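[1] curious how this folds, go ahead:
(one chain, ligands or ions: 1)
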Amino acid sequence: MKKQKILITGAAGFIGYSMCKKLVQDKNNELIGLDNLNSYYSVKLKKERIKELKKAKNFQFFKLDLLEKNKLADLFRKNKFKVVYNFAAQAGVRYSFENPESYCNSNIIGFNNLLNLVRKFKVKKLFFASSSSVYGDIGPFPKKENSKLNTLNIYSLSKLANEITAKSFLKNSKIQIIGLRFFSIYGEWGRPDMLILKYLLAAKKKKNFELFNYGNHYRDFTYIDDAIQIVLKLSKSKLKKKFDIFNICSSKPIKITEILKIINKLKIKTKIIKKPMHTADVLKTYGDNSKVKKIVRKIKFTNYKIGVQNTVKWYKKNIHLFQN
Ligand SMILES: NC(=O)c1ccc[n+]([C@@H]2O[C@H](COP(=O)([O-])OP(=O)(O)OC[C@H]3O[C@@H](n4cnc5c(N)ncnc54)[C@H](O)[C@@H]3O)[C@@H](O)[C@H]2O)c1
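    All right, here's what the predicted structure looks like:
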């Protein structure tokens, strides 16, 4: 089979790393990962992910920012990428209230730079990370891809901007662009700014854990291996439309307190300070995954209890990675 060159941005990040780990297993793939290795969370963790990936002969890493237009263009010039996955972004809803500028830079300008190059160098397919946050906070649930959108912050706005600009880039080009609306992805090698690892780290430091809305939030938690399996299957499928959007979710919202209960059963506990609703949060995320299931067909979602247990097990072995 012919070798294909693939670019993955955000390769040192949670989803980018997990996708690379899967793609390197196919020796016909030649992967190039890029990431600016920013310090939004533990750089040690990001570097360790890259160290893991470099064990594969068909993976190369470049420390590069999506804003470094010329260097990015050089990378495209030297490599004839067939497929590009964009997972590089400033993630996190709450942080968008603290540092809105980083969302404008990485998510809007950075993404636009990438789109220009993808078109100029005639890449065949672009997959990019959008987010469940584009749905905002209003029912009815579950959210379908064509449900009404309601962006409530600069993070979700940047994701919606990506969807709109990506679609407009299709004109006069043969590229196929697929948006992936991820819902609360968790698992091994996960993000320390998200619920499970945040709680585990608070427990390790014997710090109080602030539980907003008294823990009455629901999130459509989706295990990383399931999300990657779906994206991989989507990549291998012959998709009809030039532009499409898919929810990537288990479609089983779980209450936050239920997740904490499972962690507590594993004998990890810290003092919880119950607080009212955080301004950045939405009460519930709950996606409909029937559209993607029609394409990827058989997909057995990991039970959240198993997913959380796996995450905790991995964390216990890798505590050293979480010191910035
Ligand atoms: N993890 C989730 O639950 C979730 C949910 C919805 C959407 N998403 C989206 O999926 C994508 C990946 O998320 P993640 O959880 O892996 O986040 P992450 O923060 O772990 O990964 C993003 C990576 O991008 C890098 N990066 C940021 N700005 C960059 C820039 N300008 N140039 C180069 N690299 C840059 C960061 O250093 C980081 O390693 C993001 O777009 C995120 O918004 C994630």
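
[2] write out the residues of the protein neighbouring the ligand.
    By the criterion of Cβ under 6 Å from any ligand atom, the positions of the chain lying close to the ligand are 9-10, 12-16, 35-38, 46, 65-67, 87-91, 106, 110, 129, 131-132, 182, 184-185, 191. C-beta coordinates here come from the backbone N, C-alpha and C atoms, glycine included.

[3] sort out for me which of the residues you listed are in strands.
    9, 35, 129, 131, 182, 185 (DSSP state E).

[4] and the first one, how many neighbours does it have?
    Other residues within reach of T9 by the criterion other Cβ atoms under 10 Å amount to 28.

[5] which strand residues bridge it?
    Note on T9: beta-bridge partners by DSSP bridges are L34, N86.

[6] go ahead and confirm it touches D35.
    Yes. Counting by Cβ atoms under 8 Å, D35 is a contact partner of T9 at 7.2 Å.

[7] what do these two both touch?
    With contacts defined as Cβ atoms under 8 Å, 6 or more residues apart in numbering, the residues shared by T9 and D35 are 16, 88.

[8] on that earlier part again, among the ones in strands among the residues of the chain next to the ligand, name the buried ones.
    With burial judged by 16 or more other Cβ atoms under 10 Å, the buried subset of those is 9, 35, 129, 131, 182, 185.

[9] what's the closest of these to K51?
    Of all these, D35 has the smallest distance to K51: 12.7 Å, by Cβ to Cβ.

[10] most centrally placed residue in the chain?
    The residue lying closest to the centre of the chain (Cα atoms, centre = their mean) is I15, at 4.6 Å.

[11] OK, contacts around that one?
    Contacts of I15 by Cβ under 8 Å, 6+ apart are 87, 129, 182, 185, 224, 227-228.

[12] what about it, distance to R77?
    Relative to R77, I15 is positioned 27 Å away (Cβ to Cβ, to the nearest Å).

[13] what ranges do the helices span in the stretch 201-324 of the chain?
    224-236, 256-265, 290-296, 304-317 (DSSP state H, counting those that start in this stretch).

[14] and the pLDDT at the residue in the chain that the ligand sits nearest to?
    Residue of the chain nearest the ligand, by Cβ to the nearest ligand atom: G13 (1.9 Å). pLDDT, G13: 98.

[15] contacts only, for it.
    Shown in contact with G13 (Cβ under 8 Å, 6+ apart): 35, 46, 49, 87-88, 91, 191.
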